[in-house]
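Undergrad: could you work out the structure for the sequence below:
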Amino acid sequence: MELNKNFMKKFSRRDFLKASTVIGTVVIVPTTFGMFSPANDKTDLYYNTLADALNKLPNAFPRTKSNIEIQLLKKIFSPEEAWLCGQLTVNYEPIDSIAKRIDLPLEETQGRLQKMSKRGFIWGNEKYARLAPFVVGIYEAQVWDMDHELAHLVEEYFVEGGAEFMRFQPAIHRVIPVQGTTKSEWILPYDDIKAILETNKSFQVRDCICRKQQELLGQRKCDSPMKVCFSFTSYDRDAGENDLTLEEALKLLEDCEEAGLVHSVSNVAEGLFYICNCCGCCCGILRGVNKYGIEKSIAASNYYAMIDNEKCSQCGICVDRCQVHAITEEGGEIIFNINKCIGCGLCVSGCKFDAVKLIIKNDDEIITPPKVFSDWEKKRLENRGI
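TA: Okay, the predicted model is just below:
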């Protein structure tokens, strides 16, 4: 397990709290609710406790009236995994402290946490652990286990209220403009996607979890490439079958731009380690805009498109490439809605007549993302009143 120190954050839970101290930081952890029991009457307690713990994380995991989220968690977690994860929080806690609190031998606790880390449930290292959020985190880690049942449970959860996690601010993801679609002198450091890649050393690609889920549902409306979500690190790591060279990663980026996919990343300025390439019909975050009417489900870039009507041929390519329907065609005319524009630049890169440009927003409209993930978590918890 790898520890990202930017995730450290003060956290509190509503029920059964106690405090302990970790490397000078006050960490609030739930008291144990007893050893794991396989008894059926305990199972719902474990899953409900886990659901509440996930909802107390900055990313949120909204509860629903139908409790469909409990069925979803039962599909992903065993009762014993739910029991252990439900006792973790947003804060990295020493594993020896966790072991004492849950009354398990240290070696056994380390082994269980290690296994759950590989499944995406836990973040940390050999000494510290915390609960991973559902999105982005646990859900994305199910890309290898996604099946028809899980796809339907996720969809039902979102429809019944789970999608509300996207209303909280700061948004989980932000948009990075397509390469070369705005003036180089306007590009802010955290918006230079090529430079972000070039400062890293190891690259890996995998299937898009959202596209895979929609395909299993039979609801996929696009023919966008599947294997387009990639992660990267600033250090060398052992090569795997899904690894890319820098040159291959940059080529994949170009292919995604040509396919009309939106680049989105974690909504922070530093510490980026993945890039999603999103379509408006499959991506859960962009569907926040298109399906659930959550206009700020994704943080728009600090640029907006402008169409030169004199150059525009009304060809409609920009209409097809806009993933959030900010550009539409009405009565043979191209209509642009600046309020819906997310500043991705796909309309610019697709225009053969140089009729569209990205313009940087006014100084008073520029929104700088939180510097690091711990800042993002702090702000999001404050905005949620936690």
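Undergrad: any idea how far residue 238 is from residue 364?
TA: According to Cβ to Cβ, to the nearest Å, residue 238 and residue 364 sit 48 Å apart. In this view, the C-beta of every residue, glycine as well, is placed from N, C-alpha and C.
Undergrad: what's downstream of the one helix or strand residue 41 maps to, the next helix or strand?
TA: Using DSSP states H and E, residue 41 falls within helix 40-55. Once helix 40-55 ends, the next helix or strand along the chain (criterion: DSSP H and E) is helix 68-76.
Undergrad: and that following helix, what does it pack against?
TA: Helices and strands touching helix 68-76, by 3 or more Cβ pairs under 8 Å, 6 or more residues apart in numbering; DSSP states H and E, are helix 40-55, helix 148-159.
Undergrad: can you flag the weakest of those helices by average pLDDT?
TA: With a mean of 92, helix 40-55 has the lowest mean pLDDT of those.
Undergrad: if you count neighbours, what's buried in that one?
TA: 43, 45, 46, 47, 48, 49, 50, 51, 52, 53, 54, 55 (16 or more other Cβ atoms under 10 Å).
Undergrad: can you tell me the SS state at residue 349?
TA: The three-state label given to residue 349 by DSSP: H, G, I helix; E, B strand; the rest coil is helix.
Undergrad: and it, how far from residue 305?
TA: 11 Å.
Undergrad: who has more neighbours, those two?
TA: residue 305 (26 against 20; other Cβ atoms under 10 Å).
Undergrad: go through the helix or strand hosting that one and flag the buried ones.
TA: In this assignment (DSSP H and E), residue 305 forms part of strand 303-307. Across strand 303-307, burial judged by 16+ other Cβ under 10 Å covers 303, 304, 305, 307.
Undergrad: residues contacting it, please?
TA: Outside strand 303-307, the residues within contact range by Cβ atoms under 8 Å, 6 or more residues apart in numbering are 177, 182, 186, 318, 326-327, 334, 336, 338, 341, 343, 345, 347-348, 355-361.
Undergrad: equivalent analysis for stretch 167-174, please.
TA: 59-60, 135-136, 165-166, 264-267, 276, 285, 294, 296-301, 369-370, 376, 379-380, 383-384.
Undergrad: if we can go back for a sec, what subset of the contacts of strand 303-307 is buried?
TA: The buried subset of the contacts of strand 303-307 - by 16+ other Cβ under 10 Å - is 177, 182, 318, 326-327, 334, 336, 341, 343, 345, 347-348, 355-358, 360.
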